[in-house]
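# Build me a model from this:
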Amino acid sequence: MTAVHSSAPAEVRRPVARRGGGATRRRQAVTGWVFISPFIVVFAVFLVAPLGYAFYLSLFTNGLATGTQFSGLANYVQAFQDPSFLRGIGFVALFTLVLVPVQMAVSVAAALVLDAVTNRFARFARLMIFLPYAVPAVIGALMWGFLYSPTFGPLESIFGLFGLQAPFLLSPGNIFGGLINVVTWQWAGYYMIIVYAALQGLDPAVYEAARIDGAGPWQLALRVKLPMVANSLVLILVFAVIGTLQFFTEPQVLRPIANGSVTTDFTPNIYAYNLAFGFAQFNYASAISFALGIVIFIAVYLFLFLTRKRGSVFA
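The predicted structure is shown next:
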């Protein structure tokens, strides 16, 4: 029997490009830009344009005798030599060093407990812990101002039962701790939700393997769960550092009842606000604001640089 072999080479077929494919992609691209154009317009009008105008103002000085003159970076040089600005930077830096670990401890502990508890109470507790974040910061500050009041607040009644005088938590010696409490209450629930969502995304098989290896509840939480959500911890740390360095709302709202504890240069943002709207020094106030932005950028960059190896504070 003679085998018959085909000597014809296999035909290689090239894919035929569909007609109109480029036009379809262009239409899709145009449709995408149409949908995001409202955001771009709002972003440019209400953020980019004001920032550009503020930076433009920061490059000029306005004097009664000299008028408006271009000064370049002179306002920035003055800002970083201004004792009021440097004092405010020192306060928010110390406030950040104390507040951020407290917020992290509260939010992470709450997230770990809620992740371990699976009954109906966990849902209610999760909502209650997150609820303070839903309260506007101004309303929350006003509420704490009432609670801190030594004349008509509840502290006066509680301490009065024991024959003691209620401490005024907005006095110069206590305002640091009083504000720590206010800001922790306001933001810990938000950070808790971020950590809790990251924990919910983990594979339960990892927990089972750790339990089989003899890990207890504490080892499971500290050596398994936290390292696996380290990226989320870094994220909320960055949010906390940026937000704390921009500290403004709570001390500004509590200022009328703080009996002089909140000064005009209490924080850099309050200092810039008073310069602009109290003394009409808009040029220098703009420079102060951008100088604070420079400090925040450097602080966040250093933090990310220190946690760059694995994107984790546990690296």
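# Please make it C-alpha for all contacts and neighbour counts, starting now.
OK.
# quick one: the helices in the stretch 101-250 of the chain?
Counting by DSSP state H, counting those that start in this stretch, the stretch 101-250 of the chain has helices at residues 120-134, 137-148, 154-160, 175-200, 204-212, 217-219, 226-228, 230-245, 249-254.
# In CSV, list those along with mean pLDDT.
Formatted as CSV, the helices of the stretch 101-250 of the chain follow (pLDDT from 0 to 100):
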stretch, mean pLDDT
helix 120-134, 87
helix 137-148, 90
helix 154-160, 78
helix 175-200, 92
helix 204-212, 84
helix 217-219, 84
helix 226-228, 88
helix 230-245, 89
helix 249-254, 92
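# Residue 262 contacts residue 255, correct?
Yes: taking contacts as Cα atoms under 8 Å, residue 262 lies within contact range of residue 255: 5.4 Å.
# These two: who's more crowded?
More crowded of residue 262 and residue 255, by other Cα atoms under 10 Å: residue 262, with 21 against 18.
# for the more buried one, what are its contacts?
The contact partners of residue 262, taken as Cα atoms under 8 Å, 6 or more residues apart in numbering, are 251, 252, 254, 255.
# again, 7 Å this time
By Cα atoms under 7 Å, 6 or more residues apart in numbering, the contact set of residue 262 is 251, 255.
# mind checking which helix or strand it is in?
In this structure, residue 262 sits in neither a helix nor a strand according to DSSP states H and E.
# Quick check: the gap between the residue most central in space within the chain and residue 299.
With distances taken as Cα atoms, centre = their mean, the residue of the chain nearest its centroid is residue 239 (2.7 Å). Residue 239 is 12 Å from residue 299, where distance means Cα to Cα, to the nearest Å.
# cool, and residue 147?
For residue 147 relative to residue 299 (Cα to Cα), the value is 34 Å.
# again, but for residue 35
Per Cα to Cα, residue 35 is found 36 Å from residue 299.
# quick one, which of these two is more surrounded?
The residue with more neighbours, out of residue 35 and residue 299, is residue 299; 17 against 10, by other Cα under 10 Å.
# Averaged pLDDT, whatever helix or strand residue 25 lives in. What do you get?
Residue 25 is part of helix 21-43 when elements are defined by DSSP H and E. Averaging pLDDT along helix 21-43 gives 87.
# Can you show me the CA trace of it as PDB?
What follows is helix 21-43, C-alpha atoms only, in PDB (Å, rounded to 0.1, in the frame of the first residue of the first chain):
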ATOM      1  CA  GLY A  21     -13.200  49.500  13.800                       C
ATOM      2  CA  GLY A  22     -11.200  52.700  14.100                       C
ATOM      3  CA  ALA A  23     -14.400  54.800  13.900                       C
ATOM      4  CA  THR A  24     -16.100  52.700  16.600                       C
ATOM      5  CA  ARG A  25     -13.200  53.200  18.900                       C
ATOM      6  CA  ARG A  26     -13.200  56.900  18.300                       C
ATOM      7  CA  ARG A  27     -16.900  57.100  19.000                       C
ATOM      8  CA  GLN A  28     -16.400  55.200  22.200                       C
ATOM      9  CA  ALA A  29     -13.600  57.600  23.200                       C
ATOM     10  CA  VAL A  30     -15.700  60.600  22.500                       C
ATOM     11  CA  THR A  31     -18.600  59.100  24.500                       C
ATOM     12  CA  GLY A  32     -16.300  58.500  27.400                       C
ATOM     13  CA  TRP A  33     -15.100  62.100  27.300                       C
ATOM     14  CA  VAL A  34     -18.700  63.400  27.100                       C
ATOM     15  CA  PHE A  35     -19.600  61.500  30.300                       C
ATOM     16  CA  ILE A  36     -16.600  62.700  32.300                       C
ATOM     17  CA  SER A  37     -16.700  66.300  30.900                       C
ATOM     18  CA  PRO A  38     -19.000  67.600  33.700                       C
ATOM     19  CA  PHE A  39     -16.500  66.500  36.300                       C
ATOM     20  CA  ILE A  40     -13.600  68.000  34.400                       C
ATOM     21  CA  VAL A  41     -15.400  71.300  34.100                       C
ATOM     22  CA  VAL A  42     -16.300  71.400  37.900                       C
ATOM     23  CA  PHE A  43     -12.800  70.200  38.800                       C
END
